[in-house]
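K.L.:
sequence first, then the predicted structure, then my questions.
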There are 2 protein chains.
Amino acid sequence: MLAKTPEPPYYSVILASERTEVTPQRSAYEIMASQMLDMAARQPGYLGVETIENELGHGITVSYWESLEAIKAWRDHVDHQAAQKLGKEVWYKAYTLRIAKVERAYEFEK
Amino acid sequence: MLAKTPEPPYYSVILASERTEVTPQRSAYEIMASQMLDMAARQPGYLGVETIENELGHGITVSYWESLEAIKAWRDHVDHQAAQKLGKEVWYKAYTLRIAKVERAYEFEK
């Protein structure tokens, strides 16, 4: 689950979301969410992702990127644009998306 | 669940974690985690938090702060220090903590 990222600085995209309904569209949502994660991982400048959704349909996904340019290129990717449109129209009741520059990072492992 | 934050810039602390065991210590962990969230919310410079844990004990908590100084003061708070120690000794198998400066934010609500 934990993303292995290089030394800072790099960028993060923090997406916190609330789904409209958890049950009916769950599998369609999950298929596309999983496709988007796979596709993001193949983009230039991608560094990693941490993502969690709970049983209430509340989710946090943090993806890590080398640069703002890499984030913009992924934002504008045609398949990702289609997913974003569906997200607004169907899947998400509300979300907040933040772009943040990672300045420091610490890892702990037992 | 979504944090209402002012216009950027401000800071975020992104904590991604994996618990050692989900069942036995769950309630003790939850009590302290909840106390820490309440206590953080009373610190100077606190702006909000988004937090999720799934059934596997994987969690993401993102807290938002006015400044690096506010983050440091909360990091050094004596009760928070005790919780951090317990986190390393008992609760967490691994975690990654990142400090990131939020440069842009977008909100969507149906």
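P.N.:
That came in fine, so what should we check first? Computed from a predicted model, the values in this text were never measured in an experiment.
K.L.:
please identify the buried residues of stretch A:20-35?
P.N.:
If you call a residue buried by 16 or more other C-beta atoms under 10 Å in any protein chain shown, then stretch A:20-35 has these buried ones: A:T20, A:Q25, A:Y29, A:M32, A:A33. For every residue, glycine as well, the C-beta is placed using N, CA and C.
K.L.:
which single residue of chain A ends up nearest chain B?
P.N.:
A:A100 (3.7 Å; C-beta to the nearest C-beta).
K.L.:
disregarding flanking residues, what is the spatial nearest neighbour of that residue?
P.N.:
Distance criterion C-beta to C-beta, 6 or more residues apart in numbering or on different chains; nearest residue to A:A100, sequence neighbours excluded, is B:A100 at 3.7 Å.
K.L.:
and the top helix by length along chain A, what does it pack onto?
P.N.:
Scanning chain A for the helix with the most residues, using DSSP state H, yields helix A:26-40. With contacts taken as 3 or more C-beta pairs under 8 Å, 6 or more residues apart in numbering or on different chains; DSSP states H and E, helix A:26-40 sits against strand A:46-53, helix A:78-86.
K.L.:
mind running it again at 10 Å?
P.N.:
The contact analysis (3 or more C-beta pairs under 10 Å, 6 or more residues apart in numbering or on different chains; DSSP states H and E) places helix A:26-40 against strand A:10-19, strand A:46-53, strand A:58-65, helix A:68-76, helix A:78-86.
K.L.:
next, the angle from it to strand A:58-65.
P.N.:
10 degrees (axes from the mean of the first three to the mean of the last three C-alpha atoms, to 10 degrees).
K.L.:
which residues outside helix A:26-40 are in contact with it?
P.N.:
Residues outside helix A:26-40 that contact it (C-beta atoms under 10 Å, 6 or more residues apart in numbering or on different chains): A:13, A:19-22, A:25, A:46, A:48-49, A:51, A:53, A:57, A:59, A:61, A:63, A:65, A:74, A:77, A:79-80, A:82-84, A:86-87, A:90-92.
K.L.:
which of these are close to chain B?
P.N.:
A:V13, A:T20, A:G48, A:T51, A:E53, A:G57, A:G59, A:T61, A:Q84, A:G87, A:Y92 (C-beta under 10 Å from any C-beta of the partner chain).
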